[in-house]
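A.B. asks: Predicted structure and sequence below. I'll ask about it afterward.
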Amino acid sequence: MERRLLVVFALTFLVIMLFQPLLKKYGPQPPAKQENAGQPGAPVPVPTQNPTQPTQVSTANDGIAPASAPLQATSESETVIENNVYRIVFTNRGGRVKSWVLKKYTDDKGGPLELVNTAAAEKYGYPLMLWSYDETLRNKLNSVLYVANSSAAMAPAEIAFAYDDGDVSVQKSYKFDRDGYVVGVRTSVTVKGAQVTAFPMWPAGFGGDTTGPQYATGQIVYQYDSKVERLAIKKISGGGTLPGPFHWAGVSDQYFAAVFLPQDPQNAAMVTLHNALEIPHGGSDTKQMDKVDVLGAAVGNLKGSTDVRLYVGPKALSDLESVAVPGITGAEPDLRAIIDFGWLGIIARPLFLWLKWMYNHIVPNWGWAILLQTLVINLALLPLRLSQMKSMLKMQRVAPQIKSIQEKYKKYSLRDPRKAEMNEEISALYKKEGVNPAGGCLPLVIQMPFLFAYYRMLNVAMDLRHAPWMWVHDLSAPDPWHILPVAIIVTMLIMQRMTPQAGMDPAQQKMMNIMMPGMLGLMSWNLPAGLGLYWSAGQLIGIVQQSVMNRTALGREMREMMEKRARKKEK
């Protein structure tokens with residue numbers, strides 16, 4: 001069978017070669033215009049009144065009618081588009097993006113930030129390729145040579161790519177503004193005159209991701225009105241379809257996003273892309289490889305040609321808020337929801353705006369701005385520390401009486417009705433002495449939301465990426481010398497020893513004083529340096545405050561009672 005196939009192929013090739021001279025002499029000749037198609041600066045061989053647009057003749061199904069003659073470039077060429085914030089390189093092979101550089105940002109090595117993940121794109125596709133449910137058609141759409149109408153332009157500009165082989169007709173156009181990260185995208189694919197589903201996509205993560213933890217921050221995100229969904233990696237299936245409506249939808253990582261804003265949200269749909277990639281361990285040149293997940297998304301219209309805006313850029317609050325999203329109700333009509341401030345966003349977002357104000361108006365360094373904000377926060381919480389100490393002192397004073405009541409009722413089981421009398425006596429004692437059992441915990445409960453909000457805020461703050469402070473080169477990355485995690489352990493050990501702890505057995509207290517700092521220090525070992533700076537600075541300020549408080553009459557009384565109780569335990 002294989003020999004017969006080889007013979008057939010050989011005879012077919014021979015016939016084609018023999019007929020070439022006859023076809024050149026007697027066959028129809030292509031127009032002279034198309035001899036340079038696909039070359040930089042060549043005119044677009046598309047019959048159209050507007051030279052920047054491919055021919056667009058609407059059909060009954062809102063498609064684009066195929067051209068009367070085949071339309072295909074003869075060689076590969078590139079088109080470069082620039083504005084104030086990006087430089088994009090298109091190739092007419094597939095009408096796709098080869099490079100998408102953000103001018104205002106750098107990668108981890110200090111070079112230009114390339115958002116196209118080349119390693120993943122070679123396997124799973126480049127930005128603005130087209131997704132079709134028909135794999136054969138998809139491969140064709142993304143590999144043929146389109147005719148381009150431009151080779152280079154400075155925004156504002158509009159470029160177009162066109163392809164037609166008689167059966168398949170494709171039109172792709174892109175519009176670029178002078179400022180901002182938004183690109184207008186319009187695509188249409190017809191097969192034998194019938195419109196088919198083909199979505200533009202961002203298929204393979206971001207070039208800024210080089211390590212496993214960076215890939216692990218990938219998410220599929222989308223919003224309709226006030227509802228925002230964030231799909232973690234484990235919940236995303238490759239090739240799965242999420243029906244709309246969407247006001248925006250796409251993919252993001254810790255610091256960057258590529259989201260599509262459909263002009264027709266009601267008929268929009270998104271195809272989720274989930275693939276695997278092997279990268280060098282730790283992002284360095286090594287034989288050890290890590291397997292990571294690469295996410296992508298394709299968004300378009302299910303009922304006709306796709307018309308969307310595409311935001312590709314940083315998850316910086318100022319940039320996201322500048323992109324208007326008409327039609328959103330119940331939430332702000334922009335892209336700010338891409339940033340996940342967490343369930344404490346009502347606190348985290350104002351904290352970030354306050355930190356940014358300090359950076360812009362008081363101290364032009366993010367590290368020093370964090371220290372200044374930490375100082376202000378701890379001074380504001382000082383009254384809570386005093387309240388906590390007073391509550392703990394009152395608890396210490398009534399502790400012997402409470403123990404006596406508990407001894408009186410210890411012979412009764414928990415189900416015995418007389419056990420309720422014990423609780424009534426203890427409550428009466430609290431009321432008589434003016435003790436609030438939750439008074440010692442309430443200040444901590446009030447502080448915790450601020451701590452969690454600050455943690456979340458610093459973890460998503462784009463402005464801290466590659467921000468230096470003293471020996472730290474990047475406040476968004478772990479401390480390279482681990483000085484800040486060690487400082488957290490040391491300051492917590494000192495703080496634990498200085499703070500009176502009512503109601504705790506001295507042996508238990510000693511064990512907790514060692515275990516807690518050690519555990520929290522290990523947890524902070526690979527946290528971003530900005531978080532370590534906030535945490536250790538807060539502990540240091542707390543030590544100073546506690547030292548002053550311990551010298552007051554209240555503090556001395558607390559220490560004496562604790563020492564007296566410890567001596568009794570030793571006997």
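C.D. replies: On my side now, so go ahead. Computed from a predicted structure; not experimentally measured.

A.B. asks: Point out where the stretch 301-450 of the chain drops to low pLDDT.
C.D. replies: Applying pLDDT under 70 to the stretch 301-450 of the chain flags the ranges 438-444.

A.B. asks: Which residue ranges of it form strands?
C.D. replies: 306-314 (DSSP state E, counting those that start in this stretch).

A.B. asks: can you pull out the helices in it?
C.D. replies: Here the stretch 301-450 of the chain has its helices, by DSSP state H, counting those that start in this stretch, at 317-321, 345-361, 366-380, 382-409, 419-433, 442-460.

A.B. asks: cool, and the stretch 1-150 of the chain?
C.D. replies: 2-26, 118-124, 135-141.

A.B. asks: List the residues that contact the residue nearest to F256 when sequence neighbours are not counted.
C.D. replies: Closest residue to F256 apart from its sequence neighbours, by Cβ to Cβ, 6 or more residues apart in numbering: F206 at 5.1 Å. Just so you know, the C-beta spots here come from the backbone N, C-alpha and C atoms, and that holds for glycine as well. Counting by Cβ atoms under 8 Å, 6 or more residues apart in numbering, F206 makes contact with L115, N117, D253, F256, A258.

A.B. asks: can you rerun that using 7 Å?
C.D. replies: Shown in contact with F206 (Cβ atoms under 7 Å, 6 or more residues apart in numbering): L115, N117, D253, F256.

A.B. asks: measure the nearest residue to P314 once chain neighbours are set aside to Y105 for me?
C.D. replies: Nearest residue to P314 in three dimensions, chain neighbours excluded: M462, at 5.1 Å (Cβ to Cβ, 6+ apart). Going from M462 to Y105 by Cβ to Cβ, to the nearest Å gives 9 Å.

A.B. asks: Equivalent analysis for G296, please.
C.D. replies: Taking Cβ to Cβ, one finds G296 at 21 Å from Y105.

A.B. asks: repeat for Q254
C.D. replies: 13 Å.

A.B. asks: Same question for P350.
C.D. replies: 25 Å.

A.B. asks: And K98, by the same measure?
C.D. replies: Taking Cβ to Cβ, one finds K98 at 19 Å from Y105.

A.B. asks: in stretch 251-266, what counts as buried?
C.D. replies: For stretch 251-266, a neighbour-count test (16 or more other Cβ atoms under 10 Å) marks 251-262, 264-265 as buried.

A.B. asks: Contacts for it, please.
C.D. replies: Applying Cβ under 7 Å, 6+ apart, the external contacts of stretch 251-266 come out as 115, 202, 206, 208-209, 214, 217-221, 224, 244-250, 268, 295-297, 299, 301, 307-315, 325, 327, 335, 338, 462, 465.

A.B. asks: Can you give me the end-to-end span of it?
C.D. replies: Using Cα to Cα, to the nearest Å, the end-to-end distance of stretch 251-266 comes to 20 Å.

A.B. asks: So for it, mean pLDDT?
C.D. replies: In this model, stretch 251-266 has a mean pLDDT of 96.

A.B. asks: swap in stretch 548-558?
C.D. replies: 78.

A.B. asks: cool, and stretch 482-501?
C.D. replies: Per-residue scores along stretch 482-501 average to 82.

A.B. asks: Pull out the buried positions in it.
C.D. replies: For stretch 482-501, the neighbour count (16+ other Cβ under 10 Å) marks 483-496, 498-501 as buried.

A.B. asks: Dump the C-alpha coordinates for it into PDB.
C.D. replies: Output in PDB follows, covering the C-alpha atoms of stretch 482-501 (Å, rounded to 0.1, in the frame of the first residue of the first chain):
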ATOM      1  CA  HIS A 482      16.100  37.100  54.000                       C
ATOM      2  CA  ILE A 483      16.900  39.900  56.500                       C
ATOM      3  CA  LEU A 484      13.200  40.900  56.800                       C
ATOM      4  CA  PRO A 485      11.900  37.400  57.600                       C
ATOM      5  CA  VAL A 486      14.700  37.100  60.300                       C
ATOM      6  CA  ALA A 487      13.600  40.500  61.600                       C
ATOM      7  CA  ILE A 488      10.000  39.200  61.900                       C
ATOM      8  CA  ILE A 489      11.200  36.300  64.000                       C
ATOM      9  CA  VAL A 490      13.400  38.400  66.300                       C
ATOM     10  CA  THR A 491      10.900  41.200  66.800                       C
ATOM     11  CA  MET A 492       8.100  38.600  67.500                       C
ATOM     12  CA  LEU A 493      10.300  36.900  70.100                       C
ATOM     13  CA  ILE A 494      10.900  40.200  71.900                       C
ATOM     14  CA  MET A 495       7.300  41.200  71.600                       C
ATOM     15  CA  GLN A 496       6.100  38.000  73.100                       C
ATOM     16  CA  ARG A 497       8.400  38.300  76.100                       C
ATOM     17  CA  MET A 498       7.400  41.900  76.700                       C
ATOM     18  CA  THR A 499       3.600  41.500  76.500                       C
ATOM     19  CA  PRO A 500       1.700  40.200  79.600                       C
ATOM     20  CA  GLN A 501      -0.600  37.300  78.700                       C
END
